[in-house]
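In: okay, here's the prediction I keep looking at, along with the sequence it came from:
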Amino acid sequence: MYIGILGPSNYYLKVVEVISRIYNPQLCINNSNTNRSNNNQEIKLNTKHLLIKIWNRRYLQFFINYYENNQLGPIRSQAIILVFSVDDRDSFNQVAHFFQQVDKYEYGGTPVILVGLSNNHTDVGTDNNRVGLSEITNLYPRSIYCELKTFDSPENIQDFKKQFHPLLSLMFLSCPSTISQICSKTAPYKVKKAPDLFDVYPYSTPVDFSNQTDRLAYEQSFFKVFKNKVILSYIFKQIHHINHKYQIKTFNPFTATPNVLIANGCINQLKDRLYNSNNNNEIEFSYLDAVCLLRSNDTDFQLFKFVYDRAKHSFHSEKGDLYWTASQGTLTNLHLNTIKCLTPIENASIGGNIDIVKFLILEREKKEALDISLDLAILFNHLPLVKFYLKIMKGYCFFDHLIALANSQNNETIKQYLYKKSKSINLNKIKSLVKS
């Protein structure tokens, strides 16, 4: 996935720096600079290679492209980041010009994220040059805007990530190239092997005790360490230092959002929080959380039904505010359309749980075509789902396309099943013609 970034260079370079710190460039292949010729003009393209973790615990690579002449170039982007400063009204006024570039150079429906930099503590009401949130949302949807505070504070990057990461994840969920990248049999990037920290730092080994008295004495001395606040504080400072040095990403399973827990394979922790919580409303499910839940292979029907009964609205994108740019052609205004996302049935076809799919088909408000769902079931190698969809569709599909799809993923079992099914249907058609 390619993400283009536009804005004054002194602003967008700061955004590139922060995004790079969030998405582990150390794990990727080297960043690159490329010179490309376009209309006899040399374009200097800088590319950052970054990684994002998705619902199936796998990292996907994405690229941030930025041009020294602040113009979009010949490489098409699947998403765009537009940068301005809330303390610089002139930079905000340029956003409309950047939207025109997106409409001119990119495909219709390219998603956009607005990032506003804030570098002082001035209250909006006391600075006429400062752009207020109401001014931004009057022109652009609130759902595509996030703010990055650049003044010195350790919480600023985390605050920005909380706003930016769901938007970036939603772009991946709606981007067709993401599906093909996931289904690829070969990893499209090189990941550095994590260092073996046992060879770097001292560690303890289990102790065998000959009697219970020695065990109790050892445990008492061990707990004395944790009762000492100075030693305890030093231990956690060292842990923080190691995590920062080796880019080890940590999260709190008791406060993390459902999509983070699912992406890291912590489905049991999610169940514990849902089933054992005194107040189930404490865990809110967004559209992003619902999609990750449907797409995960770890989701069972009981968990799905528990969430669906409490947050049914979160499973439907049309009931949220997801936006993209104006359609292709000359931009006459800044009207934005809602982003096209997969339906709940299509998302569940990626996860492969047939009970969830059957339930959603019964629950759907209107009949929908199942062609994309069948394609996804083949791509992700869910043979029971393939059989189920073909039974519903009664064989009215293009088997040549389906067989080619299975062949592209080396799914021999599904390929052979589709081949036999197509011959059986053709034979039945011939028999019916003979009888008539």
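Out: Perfect, thanks for sending it. Numbers count the residues shown, from 1 in each chain.

In: residue 147 sits in which helix or strand?
Out: Taking DSSP states H and E as the definition, one finds residue 147 inside strand 145-149.

In: no, scratch that, I was asking about residue 116
Out: Per DSSP H and E: strand 112-118 holds residue 116.

In: where in the stretch 101-250 of the chain is pLDDT low?
Out: Residue ranges of the stretch 101-250 of the chain with pLDDT under 70: 107-109, 120-128, 143, 152-154, 175-206, 243-250.

In: tell me where it has helices.
Out: Applying DSSP state H, counting those that start in this stretch to the stretch 101-250 of the chain gives helices spanning 133-139, 156-174, 176-183, 212-227, 229-245.

In: most packed of those helices?
Out: Mean neighbour count (mean count of other CB atoms under 10 Å) peaks for helix 156-174 among those, with a mean of 19. In this view, the C-beta of every residue, glycine as well, is placed from N, C-alpha and C.

In: ok, and what's touching that helix?
Out: The list of residues contacting helix 156-174 from outside it, by CB atoms under 8 Å, 6 or more residues apart in numbering, reads 1, 3, 18-19, 21-22, 52, 54, 60, 62, 78-79, 111, 113, 115, 143-144, 146-150, 178, 259, 286-288, 291, 322, 339-342.

In: filter these to the buried ones?
Out: Neighbour-count burial (16 or more other CB atoms under 10 Å) applied to the contacts of helix 156-174 gives 1, 3, 18-19, 22, 52, 54, 60, 62, 78-79, 111, 113, 115, 143-144, 146-150, 178, 259, 286-288, 291, 322, 339, 341-342.

In: can you pull up the most central residue in this protein?
Out: Closest residue to the average C-alpha location of the chain: residue 169 at 2.4 Å, with CA atoms, centre = their mean.

In: and it, how far is that from residue 110?
Out: Separation of residue 169 from residue 110 (CB to CB, to the nearest Å): 17 Å.

In: just residue 400 next, same as before
Out: Separation of residue 400 from residue 110 (CB to CB) stands at 32 Å.

In: who has more neighbours, the two?
Out: It is residue 110, of residue 400 and residue 110, that has more neighbours when counted by other CB atoms under 10 Å, with 20 against 10.

In: ok, the more buried one touching residue 82?
Out: No - contact criterion CB atoms under 8 Å: residue 110 and residue 82 do not qualify, at 11.4 Å.

In: what is in contact with the two at once?
Out: Contacts common to residue 110 and residue 82, judged by CB under 8 Å, 6+ apart, are residue 102.

In: what is the neighbour count of residue 261?
Out: By other CB under 10 Å, neighbour count at residue 261 equals 23.

In: what does the one 5 residues further on give?
Out: By other CB under 10 Å, 19 other residues sit near residue 266.

In: list phi and psi for it.
Out: phi -100, psi 50 (degrees, to the nearest 10).

In: Three-state assignment for the nearest residue to it once chain neighbours are set aside, please.
Out: Nearest residue to residue 266, sequence neighbours excluded (CB to CB, 6 or more residues apart in numbering): residue 253, at 5.6 Å. Here residue 253 is recorded as coil under DSSP: H, G, I helix; E, B strand; the rest coil.

In: ok, residue 253 - contacts?
Out: By CB under 8 Å, 6+ apart, the neighbours of residue 253 are 261, 266, 269, 273.

In: for residue 307, same thing?
Out: Counting by CB under 8 Å, 6+ apart, residue 307 has contacts 274, 285, 290, 293.

In: the host helix or strand of the first one - contacts with which helices or strands?
Out: With secondary structure defined by DSSP H and E, residue 274 is part of helix 267-276. Applying 3 or more CB pairs under 8 Å, 6 or more residues apart in numbering; DSSP states H and E, one finds that helix 267-276 contacts helix 258-263, helix 301-310.

In: tell me the first helix or strand C-terminal of that helix.
Out: The first helix or strand that comes after helix 267-276 along the chain, using DSSP H and E, is helix 287-295.

In: ok, and what's touching whatever helix or strand residue 406 lives in?
Out: Element membership for residue 406 (DSSP H and E) is helix 399-408. If you take CB under 8 Å, 6+ apart as the criterion, helix 399-408 is touched by 374-375, 378-379, 414-415, 418-419, 421-422, 425.
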